[in-house]
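J.: attaching a predicted model along with its sequence, questions to come.
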Amino acid sequence: MNNNKGTLIVISGPSGVGKGTVVDMLLKRLPGAVLSVSCTTRAPREGEKNGKSYFFISKETFLKMIDEGGFLEYSNHFENYYGTPRFFVEQKLAEGCDVILEIDVDGAKHIRDAFPDALLLMITPPSREELVRRLRLRGTEDEVLIEKRLQRADYEMSRSQFYDYTVINDDLEQTVENILKILENRRKQTK
Ligand code: ADP
Ligand code: 5GP
């Protein structure tokens with residue numbers, strides 16, 4: 001095994017819990033860490049840029065990429081496909097970068113099987129009421145979609161025992177600090 005390989009960090013958690021916000025802060029504080037930009041067949045939300053938030057691709061292109069082995073993992077929910085492009089992640093890990101994947105619990109399970117050393121972090125809200133508040137605050141989904149995401153949230157959080165750590169995202173700064181500490185400890189263990 002290449003000892004200079006970076007750490008693969010998986011961040012999961014219910015929609016609206018603050019994953020994107022936390023990851024943006026982590027990237028600023030972790031020199032050399034990169035975010036894997038996923039592909040999705042869902043429509044972009046207002047303000048989302050192709051190639052930054054996601055690669056927004058058609059279902060046809062997504063299915064072709066599956067056939068060609070282009071994804072490390074993928075899953076299908078909210079009637080859309082989401083997947084992690086293989087090439088970028090493998091290349092960056094080999095270069096020694098830490099790679100962050102912001103993916104759902106089903107995808108995380110595939111990653112655990114393929115990369116036993118991956119660090120799996122589940123982010124949870126301080127309460128369900130707060131999760132609802134954040135989803136509404138973000139204002140990117142209508143009430144029907146919010147309801148679907150809340151149903152999915154229960155499933156996501158029921159899988160937290162498969163993760164290395166569960167981090168409650170109450171105070172944002174504290175959450176980021178906690179994750180940085182977890183990473184630091186992991187590095188000490190694997191040195
Ligand atoms: P996700 O990527 O998990 O769907 P977002 O990062 O889009 O979630 O966050 C959803 C909303 O919650 C955003 O408006 C964000 O600013 C807010 N938020 C994130 N973390 C916190 C926190 N610790 N306290 C209060 N609001 C937060
Ligand atoms: P959203 O539509 O809110 O951006 O994302 C919905 C869900 O899809 C979130 O739980 C997010 O973590 C997950 N997701 C985003 N990208 C991927 C991916 O590449 N693979 C998998 N399995 N899930 C993803």
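T.: Now that the structure is in, tell me what you want to look at. Bear in mind the structure is a predicted one, so any value in this text is a computation, not a measurement. Ligands and ions are numbered 1, 2, ... in the order given.
J.: which residue packs closest to the closest residue to ligand 1 within the chain, ignoring adjacent ones?
T.: The nearest approach of the chain to ligand 1 comes at residue 18, 2.8 Å away (C-beta to the nearest ligand atom). The way it works is simple: take the backbone N, C-alpha and C, and place the C-beta from them, glycine included. Distances taken as C-beta to C-beta, 6 or more residues apart in numbering place residue 169 nearest to residue 18, at 4.5 Å, with adjacent residues excluded.
J.: can you check residue 153 too?
T.: Leaving aside its chain neighbours, residue 153 sits nearest to residue 14 (3.3 Å; criterion: C-beta to C-beta, 6+ apart).
J.: quick one on the thing from earlier: correct me, but the residue nearest to residue 18 touches residue 122?
T.: No - taking contacts as C-beta atoms under 8 Å, residue 169 lies outside contact range of residue 122: 10.3 Å.
J.: what is in contact with these two at once?
T.: With contacts taken as C-beta atoms under 8 Å, 6 or more residues apart in numbering, the residues that reach both residue 169 and residue 122 are residue 13.
J.: can you give me the helices in this structure?
T.: With helices called from DSSP state H, the chain shows them at 19-29, 59-67, 86-94, 105-114, 128-138, 143-158, 172-190.
J.: for residue 167, name its beta-bridge partners.
T.: Residue 167 has these beta-bridge partners by DSSP bridges: residue 123.
J.: and the residue of the chain closest to ligand 1, its phi and psi?
T.: Backbone torsions for residue 18, taken as degrees, to the nearest 10, come to phi 120, psi 20.
J.: run through the residues that contact residue 160.
T.: For residue 160, the contacting residues are 122, 124, 166, by C-beta under 8 Å, 6+ apart.
J.: end to end on stretch 136-146, go ahead and measure it.
T.: 8 Å (C-alpha to C-alpha, to the nearest Å).
J.: and if you look at stretch 38-55?
T.: With C-alpha to C-alpha applied, stretch 38-55 spans 6 Å between its terminal residues.
J.: for the protein, where's the lowest mean pLDDT among helices and strands?
T.: Among the helices and strands of the chain, helix 143-158 carries the lowest confidence by mean pLDDT, DSSP states H and E, at a mean of 88.
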